[in-house]
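Chemist: Here is a sequence together with a model predicted from it:
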Amino acid sequence: MVVWNLPNILSLSRIAVVPIILLFLASASWWGCFFAALLFIAAALTDMVDGYLARKAGQITSFGKFVDPLADKVLISAVLVMLVQLGWVGGWVAIIIISRDLMVTGLRAIAADEGMVIAADKYGKIKTILQIVALVPLMLHYPLFGLPSHQIGTWLLYLATALTVYSGWNYFAVFFYTTKEKKHPHQENKTSSL
């Protein structure tokens, strides 16, 4: 199994940088929050770069397929939990987002056992982008260029949470529909011919 190629190293770097981001955030100072946000943005950008490099260089691996989404979840979940600890994000938001990710991961494991692959859909991808965009001003926390970073981040995170719930529901709907079709592939045709 190939592990040490550039795309996989970039994915692993997203996980490796998490403790540093959390240390900066824990200071709750303006500079600490600023550097935490910068590192978070850099880590999030590696998500686009590693996927592009893997496709371009033909280095898509089983390990990469596993570690890439895992790195996203670790990065986002860790920052969310730290923001809850700081009192900057409601615990219920973190619970919804993290629970949804755990449920979809479990669903993918069940689907794989059934010989199905549940690929990331457009809602899941938009959800991740919106979560990242929301977390940046929340991490900054303090006003920047006269803009209320915390309030902007809070409303963006509410929107991201709503999309998180919808995209999770969509994955389950696709799974149950596909499972039903596999068990009764001609049921719809028989019904329409009656």
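Modeler: Arrived safely, thanks for sending.
Chemist: so who does Leu135 touch?
Modeler: 40, 76, 79-80, 83, 153, 157 (CB atoms under 8 Å, 6 or more residues apart in numbering). Bear in mind the C-beta positions are built from the backbone N, C-alpha and C, glycine included.
Chemist: Any chance of those residues in JSON lines with secondary structure, distance to Ser11 and pLDDT as columns?
Modeler: Output for these, formatted as JSON lines (DSSP: H, G, I helix; E, B strand; the rest coil; distance: CB to CB, whole Å; pLDDT from 0 to 100):
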{"residue": "Phe40", "secondary structure": "helix", "distance to Ser11": "15", "pLDDT": "97"}
{"residue": "Ile76", "secondary structure": "helix", "distance to Ser11": "14", "pLDDT": "95"}
{"residue": "Val79", "secondary structure": "helix", "distance to Ser11": "17", "pLDDT": "97"}
{"residue": "Leu80", "secondary structure": "helix", "distance to Ser11": "20", "pLDDT": "96"}
{"residue": "Leu83", "secondary structure": "helix", "distance to Ser11": "23", "pLDDT": "97"}
{"residue": "Gly153", "secondary structure": "helix", "distance to Ser11": "25", "pLDDT": "96"}
{"residue": "Leu157", "secondary structure": "helix", "distance to Ser11": "24", "pLDDT": "97"}
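Chemist: now the protein, which segments are flagged as low pLDDT?
Modeler: 1-3, 52, 57, 59, 119, 184-194 (pLDDT under 70).
Chemist: In contact with the most centrally placed residue in it, which residues are there?
Modeler: Note on the chain: the residue nearest the mean C-alpha position is Thr128, at 4.3 Å, using CA atoms, centre = their mean. Contact analysis of Thr128 by CB under 8 Å, 6+ apart lists 72, 76.
Chemist: from the contacts of Leu135, which is closest to Gly106?
Modeler: Comparing the contacts of Leu135 against Gly106 with CB to CB places Ile76 closest, at 17.7 Å.
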